[in-house]
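Chemist: the amino acid sequence is not available; the structure is as follows:
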């Protein structure tokens, strides 16, 4: 019974978080297949490697030091933050190099998904092994669901944000920003684990994490807002060229685009997808070099042609 209850307590809230994270990326939602692959990496691959890495470091520590209490503290405040952030972030590098990976928002979403997967599995392991009383178990579920699992989402999402920013940044920043992002992720993880390891500092830990989560959500919102402005700017150029009707500019970068009635319903979703992708590809082409720039430029031309063909029928624009 405890296994089933623990499984439900670990899985259900995390799936809810996972849905909210994906849904909030309103302008260019990530492909669900790739999104869940990142989530599953966090839930399985990252946990497996983290266990191996932590055990190896612990074994090495025992060779030179044998105090159980000190080693346990080292596992919590030093080994876990370093190893877990490394194993969670490892999969992000493969995701970031994809040409479908667009910007900082994508890094937050994919990194957050990995963190949630890791938090889910870790929560399950804690729920079935700790909490000697019913009240103690319930408190464990509440704390780990509202704080520890979210901490994993925030740390890997933060690392993902730095990777996403670095992808289209100048050469010097391509190396510096991932390093900064990883260091920040490890520090957040360390600060949380350290503070809740002692009763005297646990309140500081909760306040620190609440502040960190607030900053993370603020950064996420800011990234979404930047996407909105970028879409308007890039499509304004297309409107000036006669591709995008001017009346559509304030619709394609707002929630209104999800409403029916502003264009023929048979093409609305496809039109939104093509126009949004066109805006992103233009931005990426401008900030890339070599073969990548050629790829993005070909994508720009392809999406312009598709939009032109889609809007070619006068009856589809009758309401403009």
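Modeler: Ah, there it is. Note that the structure is a prediction, hence the values are computed from the model and not measured. Numbering: from 1, shown residues only.
Chemist: need the per-residue pLDDT for residue 318.
Modeler: On the pLDDT scale, residue 318 is placed at 46.
Chemist: ugh, wrong one, I meant residue 280
Modeler: Note on residue 280: pLDDT of 94.
Chemist: return the residues in contact with it.
Modeler: Shown in contact with residue 280 (C-beta atoms under 8 Å, 6 or more residues apart in numbering): 28, 102-103, 230, 234. The way it works is simple: take the backbone N, C-alpha and C, and place the C-beta from them, glycine included.
Chemist: same thing but 10 Å
Modeler: 27-28, 100, 102-103, 106, 227, 230-231, 234, 296, 299-300, 303 (C-beta atoms under 10 Å, 6 or more residues apart in numbering).
Chemist: please pick the buried ones from the residues you listed.
Modeler: Neighbour-count burial (16 or more other C-beta atoms under 10 Å) is assigned, among these, to 27-28, 102-103, 106, 227, 230-231, 234, 296, 299-300, 303.
Chemist: just the helices in the protein please.
Modeler: For the chain, the helices defined by DSSP state H cover 2-24, 32-40, 46-64, 68-74, 80-96, 104-129, 134-143, 149-167, 171-195, 202-240, 249-252, 268-286, 290-310.
Chemist: of those, which is nearest residue 262?
Modeler: Evaluated with C-beta to C-beta, those place helix 249-252 nearest to residue 262, the distance being 5.6 Å.
Chemist: so which bits of the closest one are buried?
Modeler: For helix 249-252, by 16+ other C-beta under 10 Å, it's 249, 251-252.
Chemist: local confidence estimate at residue 27?
Modeler: pLDDT at residue 27 comes out at 89.
Chemist: cool, the one 10 residues further on as well?
Modeler: Looking at residue 37, its pLDDT stands at 96.
Chemist: again with residue 131
Modeler: Residue 131 is given a pLDDT of 76.
Chemist: name the nearest of the buried residues of helix 249-252 relative to residue 206.
Modeler: residue 252 (41.6 Å).
Chemist: so which of the buried ones among the contacts of residue 280 is the closest to residue 277?
Modeler: Distances from residue 277 to the buried ones among the contacts of residue 280, taken by C-beta to C-beta, are shortest for residue 303, at 5.8 Å.
Chemist: ok, that closest one - contacts?
Modeler: 238, 243, 273-282.
Chemist: do residue 254 as well
Modeler: Applying C-beta under 10 Å, 6+ apart to residue 254 gives the contacts 26-27, 228, 231-232.
Chemist: switch those over to CSV; also include distance to residue 122.
Modeler: Listed next are the contacts of residue 254 as CSV, based on distance: C-beta to C-beta, whole Å:
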residue, distance to residue 122
26, 29
27, 32
228, 35
231, 37
232, 41
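Chemist: sketch out the low-pLDDT regions of this protein for me.
Modeler: For the chain, residues meeting the criterion pLDDT under 70 lie at 313-320.
Chemist: what's around the residue lying closest to residue 151 once chain neighbours are set aside, how many residues?
Modeler: The shortest distance from residue 151 to any non-neighbouring residue, by C-beta to C-beta, 6 or more residues apart in numbering, is to residue 192 (5.2 Å). For residue 192, the count of nearby residues is 23 (other C-beta atoms under 10 Å).
Chemist: wait, residue 192 touches residue 147, no?
Modeler: Yes - taking contact to mean C-beta atoms under 10 Å, the distance of 7.6 Å between residue 192 and residue 147 places them in contact.
Chemist: can you add distance to residue 54 and give the contacts of residue 280 back as CSV?
Modeler: Listed next are the contacts of residue 280 as CSV, based on distance: C-beta to C-beta, whole Å:
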residue, distance to residue 54
27, 39
28, 36
100, 33
102, 34
103, 33
106, 29
227, 37
230, 41
231, 43
234, 45
296, 41
299, 43
300, 46
303, 46
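Chemist: I'd like to know which of those residues is nearest to residue 75.
Modeler: When the contacts of residue 280 are ranked by distance to residue 75 (C-beta to C-beta), residue 106 comes first, at 32.8 Å.
Chemist: gap between the residue lying closest to that closest one once chain neighbours are set aside and residue 112?
Modeler: In this structure, residue 106 finds its nearest non-sequential neighbour in residue 164, 5.4 Å apart by C-beta to C-beta, 6+ apart. Separation of residue 164 from residue 112 (C-beta to C-beta, to the nearest Å): 12 Å.
Chemist: the more surrounded of the two?
Modeler: Neighbours per residue, other C-beta under 10 Å: of residue 164 and residue 112, the larger number sits with residue 112, 33 against 27.
Chemist: residue 84: neighbour count?
Modeler: By other C-beta under 10 Å, 28 other residues sit near residue 84.
Chemist: quick check: it touching residue 155?
Modeler: Yes - here residue 84 reaches residue 155: they are 8.4 Å apart, a contact under C-beta under 10 Å.
Chemist: overlap in contacts, these two.
Modeler: Jointly contacting residue 84 and residue 155 under the rule C-beta under 10 Å, 6+ apart are 115, 118, 185-186, 189.
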